[in-house]
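# have a look at this fold, sequence not included:
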C-alpha cells in the first residue's frame, strides 16, 4: 500500500535554529498538508498546498513557517528561528483531491527544541 | 469553529462490547472523516462520510451524520483489544480539514 514518508523521525534542535522537515507524499496525490500535534493535545492544521502554492493556512502558520515542493517528489516544511513551543509531532499528509478524499498521513517527525 | 469536538474524551469497555463516539461541529462542511491514532504514531484514515450522506458502513465501523444537528457518531461493533487507540473526527471544507480533540478508547481483554 502506498505510504507517505517523513524524515527524520526525530529531530532535536537548538532554540533559534532553522529546521527543515521532509515528506515524500504518495506519487499520484495532488494535495499536500502539514499538521502538528503538541504532546497530549489535538492535531492542529498548519497548511495545505496545491499546484505549487499554498491554498489554505491556519493562524499558526505565520512568517516563521514556509513550505516548498523543491522537486517532483519532496514536500518540505521549514521552521525559521525555532522556539521552545514549536516542540511537537509534525505530520505530513497527502490526498488525491480537495473534496471528499481521505488523507494519507505519514508517521510524523518528532521535533524537540532545546 | 469548523473543527469537531468529540465526546466522550475517554471510553473504557470490555472486549466484545460496542463503542460509540460522538462528534459535534459548528460550521458547514463538505464531508466528515474519522481517523485513528495509536499512541505516538500517525493518523490512519478510517471512513469518510459526505455531507449528503446519512450513514456509512465499513467492516465493524458504522458512521452516521446529521447535518441538521451538526453531529456525527462512530460505532465500533464487537470491539477488540487491538481497537485501543485515540479516535478523531475531522471536518473538511475544501482544502481545510480540522480535527477535534479525540476520544481515547481502551478495550480491555
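Received it, and whenever you're ready, just let me know what you need. The model shown is predicted, which means the values in this text are computed figures rather than measured ones. Residues are numbered from 1 along each chain as shown, chains lettered A, B, ... in the order given.

# and the helices in chain A?
Applying DSSP state H to chain A gives no helices.

# next to chain B, which bits of it? Give me the list.
A:31, A:33, A:35, A:41-45, A:48, A:50, A:55-56, A:89, A:91, A:93, A:98-108 (C-beta under 8 Å from any C-beta of the partner chain). Just so you know, the C-beta spots here come from the backbone N, C-alpha and C atoms, and that holds for glycine as well.

# mind redoing it with 6 Å?
When proximity is defined as C-beta under 6 Å from any C-beta of the partner chain, chain A approaches chain B at A:42-43, A:45, A:48, A:55-56, A:98-100, A:102, A:105-108.

# residues in contact with residue A:67?
A:47, A:49, A:77 (C-beta atoms under 6 Å, 6 or more residues apart in numbering or on different chains).

# out of the residues of chain A next to chain B, which are buried?
A:42-43, A:45, A:48, A:55-56, A:98, A:102, A:105-108 (16 or more other C-beta atoms under 10 Å in any protein chain shown).

# burial of residue B:12, as a residue count?
Number of residues near residue B:12 (other C-beta atoms under 10 Å in any protein chain shown) recorded here: 12.

# separation between it and residue B:107?
Distance, residue B:12 to residue B:107, by C-beta to C-beta, to the nearest Å: 8 Å.

# just residue B:38 next, same as before
From residue B:38 to residue B:107 the distance is 13 Å (C-beta to C-beta).
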